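In: build the 3D model from these lines:
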Amino acid sequence: MTEEYYSERQDDVILRTPTVDDGAQIWELVDRLDLDLNSPYAYLLVSRHLSPNSCVAEHQGKVVGFVSGYRPPRNPDVLFVWQVGVDPAMRGRGLAKKMILHVLDRDTCEGVRWIESTVTPQNKASQLLFRSIARTLDTEIAVSPYFTRELFPDDEEHKEEELYRIGPIDRVQDRDEQRGIRSSAFKRYESVVRSYCRMYPAVFERGEGHLLIDENGNEKIDFLAAAGAVHYGHNNPMLRDALVDYIQRGGVANSLDLYSTAKRDFLETFSEVILEPREYDYRVMFPGPSGSDAVEAAIKLARKVSGRRLVVSFTGAAHGSTLGALALSGNRIRRQGCGVPLESARAMPYSGYHGGAVDTLALFESYLTDPQSGFDVPAAVIVETIQADGGVNVASDQWLQKLQQLCRSHGIYLILDEVQVGCGRTGPFFSFEPAGIRPDMVVLSKSLSGYGSPMSVLLIDSELDAWTPGEHDSSFRGNNLAMVTAAASLDYWRDDKLATDVEEKGVLVRERLERLAGNRPWLGAEARGRGLIVGLDLGQGLSGPQVARACFDRGLLVDVCGPNDRVLKLTPPLTIPREALESGLRIIEEAVALAAGA
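Out: Below is the predicted model of the structure:
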């Protein structure tokens, strides 16, 4: 998820966050209502930059009302309402008031104690609106001069504007609380950086297999699975029993990089079940708890061994949130949050980035071979076989084979980031196995523990294991609790049963989503993926967060990703029963039909 999105249905009207696609409709509505009309560009900006504190009302697929608002940087405890408009056919339903209160109830309005707006003395409707809001909020309203006549020398209609100030606002219970969702502690104490909970308002208490259960007993089918980290279902009995037994025996929880029985069991089992059958000669490094830790270790080692600085990644990539990993990632919002230059990294176009017309690796190689390109030979190339956060973009086997050949011919180390698609997510344990390639380094995390516990490893070609002792470390590289469940989970991979089951379920999911897209060709939707990581690109016509929230309201958790979050990303537990998988797919079909109006 990259953008905040809010949506709720009130009777036959949907109140939601505006998107860029709404800009033209808002402009047309303002023009019909004879309000102060700005350029269409202004309403595109409203729909993009002011969207967190603005709202549109949608009826039968048409924008019938809007509120544009923002929080002034110098007065962040104020929600300033800039414009309000309602289609004449929808008046008399209190829609303007509902939209403003909808915005006020969002997490983006945490800390707001005042609502302000400017109103002309002639605008009786707006005056009544804001007085009604003050009564609903059980607070005061003050009116004072704001913009005088002298400030509008060329506007005969504009006599003056008065400031309407409502507050202080001190709502004891917000909408979540009224619905039995006790979320006030999170909103009071937790950083506003949180994201998933904004789209999925629930306080979860228990997990059982493919289900998440909130504290009120409501069950949700989980196609999110902690972004794929809960690989074998919530509280998988086989993993849980191994973990509980280890804890009850007094097993060591954290051993740094001291020898431990839990680490030995994991290493021996991983070698026996995964590495030896594939004839992989990798050393296993424990760099820390997260995928970002392992990516940082990989690029650090590549630079050390090669003596070069540059690392190449690809458009649409997502490699983590630490500075080195983020420099290799494509998401603009996350990159801009750093506040420092992201250096020693270059992005090349991913497989299919320019459609079928451009051979992206031929372009890459031309930069490497042209002495005038200004492109230094990199230390390493890091790549995902399937870009999960980038929109479930799938690289072809031929593209991966050509990339490995290119790297070897230029002495570049090839790093495979398997954080999101490894450990059987696509069927085989490693997603790159069907391509027949052998990377120099492999990053595993997220689903490696199988139980949702933090753990990562970096697999290093034995000839590249050039670290000096202690050159790279972490306080939590010895998470033995995660190693216990990771070792237990490898029993699933002693034969091909789970891999085959994942591939068959993946075919089922893709066929259902392809049919859904094919039945609505005007959307331009597309299904893509492998195994049990599948994306439904909703095209330009539908909002991914809106569809995901509709899924949630019907009992399904599903992620969004890709450009403007327009792709639904399905990563259910690998062990999900087919009946539950089909139930979740039916919910997606219903949610898309609702959003598409057909």
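
In: go through stretch 375-382 and flag the buried ones.
Out: Judged by neighbour count using 16 or more other Cβ atoms under 10 Å, the buried positions of stretch 375-382 are 375, 378-382. All C-beta spots, glycine's among them, are computed from the backbone N, C-alpha and C.

In: so where's the longest helix in the protein?
Out: helix 497-518 (DSSP state H).

In: so what's the gap between that one and the chain middle?
Out: How far helix 497-518 lies from its chain's middle: 22 Å, per Cα atoms, centre = their mean, to the nearest Å.

In: tabulate the CA atom coordinates of that helix in CSV.
Out: What follows is helix 497-518, C-alpha atoms only, in CSV (Å, rounded to 0.1, in the frame of the first residue of the first chain):
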residue,chain,number,x,y,z
LYS,A,497,3.1,-32.3,-2.8
LEU,A,498,2.9,-28.7,-1.6
ALA,A,499,4.7,-27.3,-4.7
THR,A,500,2.2,-29.1,-7.0
ASP,A,501,-0.8,-27.9,-4.9
VAL,A,502,0.4,-24.3,-5.0
GLU,A,503,0.8,-24.4,-8.8
GLU,A,504,-2.7,-25.9,-9.3
LYS,A,505,-4.3,-23.4,-7.0
GLY,A,506,-2.5,-20.6,-8.9
VAL,A,507,-4.0,-21.8,-12.1
LEU,A,508,-7.4,-21.7,-10.5
VAL,A,509,-6.9,-18.2,-9.3
ARG,A,510,-5.6,-16.8,-12.6
GLU,A,511,-8.4,-18.5,-14.6
ARG,A,512,-11.0,-16.9,-12.3
LEU,A,513,-9.5,-13.5,-12.4
GLU,A,514,-8.9,-13.7,-16.2
ARG,A,515,-12.5,-14.5,-16.7
LEU,A,516,-13.5,-11.6,-14.4
ALA,A,517,-11.3,-9.2,-16.5
GLY,A,518,-12.6,-10.7,-19.8
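
In: show me which positions of it end up buried.
Out: Buried residues in helix 497-518, counting neighbours by 16+ other Cβ under 10 Å, are found at 498-499, 501-503, 505-506, 509-510, 512-514, 516-517.

In: which among those gets closest to residue 458?
Out: residue 499 (23.4 Å; Cβ to Cβ).

In: contacts only, for the closest one.
Out: 424, 427-429, 493 (Cβ atoms under 8 Å, 6 or more residues apart in numbering).

In: rerun that using 6 Å as the cut-off
Out: Applying Cβ atoms under 6 Å, 6 or more residues apart in numbering to residue 499 gives the contacts 427-428.

In: one step back: and the two most separated of the buried residues of helix 497-518?
Out: The widest separation within those (Cβ to Cβ) is 28.2 Å, between 498 and 517.

In: hang on, the earlier thing: what would the buried residues of stretch 375-382 look like in TSV with secondary structure, distance to residue 231 and pLDDT?
Out: What follows is these, written out as TSV (DSSP: H, G, I helix; E, B strand; the rest coil; distance: Cβ to Cβ, whole Å; pLDDT from 0 to 100):
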residue	secondary structure	distance to residue 231	pLDDT
375	coil	38	93
378	coil	32	97
379	coil	31	98
380	strand	27	98
381	strand	27	98
382	strand	22	98
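
In: of these, which pair is most distant in space?
Out: Distances among the buried residues of stretch 375-382 were taken as Cβ to Cβ; the most separated pair is 375 and 382, at 16.5 Å.

In: burial of residue 144, as a residue count?
Out: Neighbour count for residue 144, taken as other Cβ atoms under 10 Å: 8.

In: quick check: buried residues in whatever helix or strand it lives in?
Out: According to DSSP states H and E, residue 144 maps onto strand 140-147. Buried residues in strand 140-147, counting neighbours by 16+ other Cβ under 10 Å, are found at 141, 146.

In: the helix or strand following it pairs with which strands, and in what direction?
Out: Using DSSP H and E, the helix or strand that follows strand 140-147 towards the C-terminus is strand 161-167. Here strand 161-167 is paired, per DSSP bridges, with strand 114-119 (antiparallel), strand 140-147 (antiparallel).

In: identify the residues contacting strand 161-167?
Out: By Cβ under 6 Å, 6+ apart, strand 161-167 touches 113-120, 130, 134, 139, 141-144, 146-147.

In: now stretch 241-257
Out: Contacts for stretch 241-257 (Cβ under 6 Å, 6+ apart): 260, 477-478, 480-481, 484-485, 488.

In: check the gap between residue 191 and residue 431 for me.
Out: Per Cβ to Cβ, to the nearest Å, residue 191 is found 33 Å from residue 431.

In: actually residue 61, sorry about that
Out: 39 Å.

In: those two - which one has more neighbours?
Out: Just comparing residue 61 and residue 431: by other Cβ under 10 Å the higher neighbour count belongs to residue 431, 26 against 11.

In: got a list of what the more buried one touches?
Out: Taking Cβ under 6 Å, 6+ apart as the test, what residue 431 contacts is 385, 421-422.

In: ok, which stretches of the stretch 51-200 of the chain are helices?
Out: For the stretch 51-200 of the chain, applying DSSP state H, counting those that start in this stretch gives helices covering 95-104, 124-136, 175-178, 184-189, 196-199.

In: packing partners for the second one?
Out: Meaning helix 124-136. Under the contact criterion of 3 or more Cβ pairs under 6 Å, 6 or more residues apart in numbering; DSSP states H and E, helix 124-136 touches helix 95-104.

In: now with 8 Å?
Out: Applying 3 or more Cβ pairs under 8 Å, 6 or more residues apart in numbering; DSSP states H and E, we find helix 124-136 packed against helix 95-104, strand 114-119, strand 140-147, strand 161-167.

In: out of the buried residues of helix 497-518, which comes closest to residue 42?
Out: Nearest member of the buried residues of helix 497-518 to residue 42, counting by Cβ to Cβ, is residue 517, at 34.3 Å.

In: against residue 550, how distant is that closest one?
Out: Counting by Cβ to Cβ - residue 517 and residue 550 are separated by 17 Å.

In: just to revisit the earlier point, what's the closest of the helices and strands packed on helix 124-136 to residue 231?
Out: Taking the helices and strands packed on helix 124-136 one by one with Cβ to Cβ, helix 95-104 is closest: 37.4 Å.

In: below-threshold pLDDT in this protein: ranges please.
Out: The chain contains residues with pLDDT under 70 at 1-5, 37-41, 151-159, 170-179, 598.

In: circling back: what lies in contact with the strand holding residue 144?
Out: In contact with strand 140-147 (Cβ under 8 Å, 6+ apart) are residues 118, 130-131, 134, 160-168.

In: buried ones among those residues?
Out: Judged by 16+ other Cβ under 10 Å, buried ones among these: 118, 130, 134, 160-162, 164-167.

In: of all those residues, which two lie farthest apart?
Out: Going by Cβ to Cβ, the pair spanning these furthest: 160 and 167, at 22.5 Å.

In: mind listing what's buried along stretch 327-345?
Out: By 16+ other Cβ under 10 Å, the buried positions in stretch 327-345 come out as 327-331, 344-345.

In: can I get the residues you listed in CSV with distance to residue 106?
Out: Supplementary listing: the buried residues of stretch 327-345 in CSV, determined by distance: Cβ to Cβ, whole Å:
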residue, distance to residue 106
327, 32
328, 33
329, 28
330, 28
331, 23
344, 39
345, 35
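
In: now for those: which two are most distant?
Out: For the buried residues of stretch 327-345, and using Cβ to Cβ, no pair is farther apart than 331 and 344, which are 18.5 Å apart.

In: tell me which of the contacts of residue 431 fall in strands.
Out: Nothing among the contacts of residue 431 maps onto strands, per DSSP state E.
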